[in-house]
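> I need the structure of the sequence given here:
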Amino acid sequence: MLLALDIGNTTVAVGLFEAKALRRTWRFRTEREKTCDEYSLDILGALRFAAIEPSAVTAAIISSVVPPLTPVFQTLSLDLFRTRALVVGPGLKTGMPILYENPLEVGADRIVASLAAFEKHGGPAIIVDFGTATTFDAVSAKGEYLGGAIAPGIQISAEALYLKTAKLPRIEIRKPARAIGKTTVASMQSGLYFGYVGLIGTIIAEISREFGPGPKPKVVATGGFAAQIAPEVPAIEAVEPDLVLEGLRIVFERNRP
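Presented below is the predicted three-dimensional model:
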């Protein structure tokens, strides 16, 4: 079985594949200070709770936007599973041309999510990833990564209101009953939720316009807040919660040792 690890700024997403089927997923909080042993206990515990022996894992692949944790999980793969994990980056084939001015600047998660969206839905496509940051990635009809946009995630925006003001509280992010809030919390929820819906819709519209004449791009959403926000944005046609993990499987198959 293949263990796919997506190390993000907020969570580490873990997927276990049997051939092309995603059998199990887990998510752990990203903690830069945790040691290899501590993460190993987390993953061993998850496997044992699912009645999966560590020996069933025969390969691993990593995408990471947290450089200090990449070697931690490489060591974990060697120690727990006796396999050297592939790491998405230079030297690994994705099959997707990257038309960024400096391809090394693009996060590995953005590339693998774009790859999976193109494989599942074709192109042109726009991928919206509701992560710590909200990213927008554009893929051409020929499967080329064109670039995109990066905006603060809705959770970051909520935390900024709490941390940078004297009286505003920390709030739960959810759709309020109405746009005109009658309390401070309801007013903050309105501004965050409806403002964020507007941000998403506007950026999708601008990117779609820049594709020019031709087929309308398919818009695919993924990430933590995708299920909550996507129904409010008519342009979003599909929600794929495990898009990055699926992309990691594709990259592994294209670089199978």
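> buried residues, stretch 27-34. List them.
28, 30, 34 (16 or more other C-beta atoms under 10 Å). In this view, the C-beta of every residue, glycine as well, is placed from N, C-alpha and C.
> next, the second one: phi, psi?
Backbone torsions for Thr30, taken as degrees, to the nearest 10, come to phi -70, psi 120.
> domain map for the protein?
Per automatic domain parsing, the domain ranges recorded for the chain read 2-87, 103-247.
> Phe17: which of the buried residues of stretch 27-34 is nearest?
Nearest to Phe17, judged by C-beta to C-beta, of the buried residues of stretch 27-34 is Phe28 at 18.0 Å.
> my guess is that closest one contacts Val14, does it?
Yes: counting by C-beta atoms under 8 Å, Val14 is a contact partner of Phe28 at 7.1 Å.
> of all the domains of the chain, which lies closest to Glu253?
domain 2-87 (8.3 Å).
> average pLDDT across stretch 90-108?
Confidence over stretch 90-108 (mean pLDDT, whole number) is 91.
> going forward, count from 390.
Yep, numbering from 390; the last one is stretch 479-497 now.
> can you add pLDDT and give the buried residues of stretch 416-423 back as a markdown table?
Formatted as a markdown table, the buried residues of stretch 416-423 follow (pLDDT from 0 to 100):
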| residue | pLDDT |
| --- | --- |
| Phe417 | 96 |
| Thr419 | 96 |
| Lys423 | 94 |
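> just the residues you listed now: which is nearest Ala506?
Thr419 (23.4 Å).
> how close does Ala448 get to Ala522?
Note on Ala448: its distance to Ala522, by C-beta to C-beta, to the nearest Å, is 29 Å.
> tell me where this protein has strands.
391-396, 400-407, 410-418, 448-453, 475-476, 514-519, 522-528, 534-541, 607-612, 627-628 (DSSP state E).
> dump those to TSV, plus distance to Gly601.
Shown next, in TSV, are those (distance: least, C-beta to C-beta, whole Å):
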stretch	distance to Gly601
strand 391-396	32
strand 400-407	34
strand 410-418	35
strand 448-453	31
strand 475-476	36
strand 514-519	14
strand 522-528	12
strand 534-541	12
strand 607-612	16
strand 627-628	23
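> surely Thr464 touches Cys425?
Yes: shown here, Thr464 and Cys425 form a contact pair, counting by C-beta under 8 Å, at 4.8 Å.
> and the helices in the stretch 490-639 of the chain?
Along the stretch 490-639 of the chain, the stretches classed as helices by DSSP state H, counting those that start in this stretch are 497-510, 543-552, 573-600, 615-618, 632-643.
> give me the buried positions along the fourth one.
I take that to be helix 615-618. 615, 617-618.
> also the third one?
For helix 573-600, a neighbour-count test (16+ other C-beta under 10 Å) marks 575-582, 585-586, 588-589, 592-593, 596-597, 600 as buried.
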